[in-house]
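*Asks:* Next one to model:
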Amino acid sequence: MAKVTRAVHHLSEEEILKRIKRTVGFGRVQKWLAILIATIDPCPAGEIARHTGLAEQTVHNLISAYNRLGPLALEGPGKGNRGRAYLSMQEGGEVPQSFL
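*Replies:* The predicted structure is shown next:
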């Protein structure tokens, strides 16, 4: 029998449901659903993965991060790496001069 995956009760069931309703993006909703299942009805990670459509290892990593960090584990910039892609006007003015 597989080990039961439990989430620490950082948030109540109602608070998790509110976050699911406010969340934009299917991937983030899947992760919150995994947290909800692990909070309400703890079961093996494989079963949570089947219910949410996530990989079993993703469920393990997600629940572990949530247990350590709380909701901050899911509140992040996401997968895109374009956070520094656009320069401010001051930075943009300095770049062309460096090529001269």
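*Asks:* Centroid-nearest residue for this protein?
*Replies:* The residue lying closest to the centre of the chain (C-alpha atoms, centre = their mean) is residue 74, at 3.1 Å.
*Asks:* Okay, that one and residue 58: tell me how far apart.
*Replies:* Distance, residue 74 to residue 58, by C-beta to C-beta, to the nearest Å: 12 Å. No exception for glycine: its C-beta is placed from N, CA and C like everyone else's.
*Asks:* ditto for residue 35
*Replies:* As judged by C-beta to C-beta, residue 35 and residue 58 stand 12 Å apart.
*Asks:* and the residue nearest to the residue nearest to the centre of the chain when sequence neighbours are not counted, what element?
*Replies:* Of all residues not flanking residue 74 in the chain, residue 31 sits nearest, at 5.6 Å (C-beta to C-beta, 6 or more residues apart in numbering). Secondary structure from DSSP states H and E places residue 31 in helix 26-40.
*Asks:* in its sheet, what does the helix or strand following that helix sit against?
*Replies:* Where DSSP H and E defines the elements, the next helix or strand beyond helix 26-40 is strand 43-44. Sheet pairing here is set by DSSP bridges, and for strand 43-44 it gives strand 4-5 (antiparallel).
*Asks:* Now the element after the partner strand, going C-ward?
*Replies:* helix 13-22.
*Asks:* List the contacts of that next one.
*Replies:* Outside helix 13-22, the residues that touch it by C-beta atoms under 8 Å, 6 or more residues apart in numbering are 11, 29, 32-33, 35-36, 39-40, 71.
*Asks:* Output the host helix or strand of residue 64 in PDB with nothing but the alpha carbons.
*Replies:* In the assignment (DSSP H and E), residue 64 maps to helix 56-69. Extracted C-alpha coordinates of helix 56-69, given in PDB (Å, rounded to 0.1, in the frame of the first residue of the first chain):
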ATOM      1  CA  GLU A  56       2.800  11.700  -9.300                       C
ATOM      2  CA  GLN A  57       6.300  13.300  -8.800                       C
ATOM      3  CA  THR A  58       4.800  16.800  -9.200                       C
ATOM      4  CA  VAL A  59       2.300  16.000  -6.500                       C
ATOM      5  CA  HIS A  60       5.100  14.800  -4.200                       C
ATOM      6  CA  ASN A  61       7.100  18.000  -4.900                       C
ATOM      7  CA  LEU A  62       4.000  20.300  -4.600                       C
ATOM      8  CA  ILE A  63       2.800  18.900  -1.300                       C
ATOM      9  CA  SER A  64       6.300  18.900   0.200                       C
ATOM     10  CA  ALA A  65       6.800  22.600  -0.800                       C
ATOM     11  CA  TYR A  66       3.300  23.500   0.500                       C
ATOM     12  CA  ASN A  67       4.000  21.800   3.800                       C
ATOM     13  CA  ARG A  68       7.300  23.700   4.200                       C
ATOM     14  CA  LEU A  69       6.300  27.200   2.800                       C
END
